[in-house]
Structure formats: C-alpha cells, structure tokens
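> coords please:
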Amino acid sequence: MEKQIEHSVDKSSWGPGAWQNEPDRKEWVDAATGFPCLAHRNEHGGNWCGYVAVPPGHPAHGKDYDDVDVSVHGGLTYANQCSGNICHVPALGEPENVYWLGFDCHHCNDLAPGYASRHPTMPKFGYDVYRTLEYVEAECASLAAQLKNL
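The predicted structure is shown next:
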C-alpha cells in the first residue's frame, strides 16, 4: 500500500476564481453507499477529477471504464487499482485492494483555470463553466449510488 500523497497545487497564476479558496484534494466515504470517494485537482489543467472505489467482488472491480454502464460528468475516464495520487489509506475493516473508477471535469463547456491561464489567447467560448469541488462531490455521490446498484 502506497503512502497517501499530500496534494497542493500552485494556483497563484490562475487569477481569481472559486479554485483559489478550494483545497486541491478531498477524501470521504459516501454516506449512502459506504464507498470511499476522493476528489483530486489536476495540477496542469486545474480541473477536478472525481473517483469512487469499489471493493473486490463488486461487478465493476477490475473492469475497463468503457465496460461500466454508469452516467457521470463526461463519462468515466479512469479505472485502476490504487496508484499514485488516486489512492487512500483504507479505514479500519475496509479492504486495501479497492478499485477506483473516475471522471474528469475537462470536457466541452468545462473551464480548466490552469490551462486557461497558460493559453490566454485561446477562444473561451464553450469552455467557461468551472466545476467546483461541491459539483464533483455531488457527481461522486451519484456515481457511488449507480455503482452500488450494479
């Protein structure tokens, strides 16, 4: 099991926005399903990515993200065991070999403030909605509920 990595992003060049007052990582257990969840800010784009872990024996455990029938922002874009920043310290009694399924908020209509700050002359139309941590938490709750019902 890897040690949990403290995650902090330098947002000083991104300009004002909700991202300036948000943390860059959050871990929690979904109250309705008991599944571990985490939100992780992409350090290059500045956009959030959200993840839900399923235990061994779950129908989605070990599957490719294209093979899991759920609806989440932008579709699933990640499926893997604990690796790098997409990892957590399991709670007492929780299995260590959970399988993470995730999505990202860098799609059409999504604002990635880090990317936008490095490319200020790019047209902004269609990429103007910043998906907050609160939004990602709600999407993770929806994803967890869908995974619980598979």
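> was I right about T77 contacting F103?
Yes. Counting by Cβ atoms under 8 Å, T77 does reach F103; the two are 5.6 Å apart. Yep, even glycine has a C-beta here, placed from its N, CA and C like the rest.
> Just want to know which of the two has more residues nearby.
Higher neighbour count among T77 and F103: F103, with 23 against 16, using other Cβ atoms under 10 Å.
> now the strands for this protein?
25-29, 36-41, 48-54, 78-81, 99-104 (DSSP state E).
> Out of the ones you listed, which is closest to G62?
Nearest to G62, of all the strands of the chain, is strand 99-104, at 6.0 Å by Cβ to Cβ.
> Neighbouring strands of the closest one in the sheet, and parallel or not?
strand 48-54 (antiparallel), strand 78-81 (antiparallel) (DSSP bridges).
> Show me what it is in contact with.
By Cβ atoms under 8 Å, 6 or more residues apart in numbering, the residues outside strand 99-104 that reach it are 38, 42, 47-56, 58, 60-62, 65, 68, 70, 72-82, 86, 139, 143, 147.
> For ChimeraX, write a command that selects the buried ones of the residues you listed.
Buried members of these, defined by 16 or more other Cβ atoms under 10 Å, are picked up in ChimeraX with:
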select :38,42,47,48,49,50,51,52,53,54,58,60,61,65,68,70,72,73,74,76,77,79,80,82,86,139,143,147
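> now the protein, which segments are flagged as low pLDDT?
1-6, 123-127 (pLDDT under 70).
> And the residue nearest the centre of the chain, how far from M122?
Centroid-nearest residue in the chain, with Cα atoms, centre = their mean: G50, separated by 1.6 Å. Using Cβ to Cβ, to the nearest Å, G50 is found at 25 Å from M122.
> cool, D104 as well?
From D104 to M122 the distance is 19 Å (Cβ to Cβ).
> In terms of packing, which of these two has more residues around it?
More neighbours surround D104 than the other of D104 and M122, with 23 against 10 (other Cβ under 10 Å).
> which residue lies farthest from the center of the protein?
Quick read of the chain (Cα atoms, centre = their mean): farthest out is T121, 27.9 Å.
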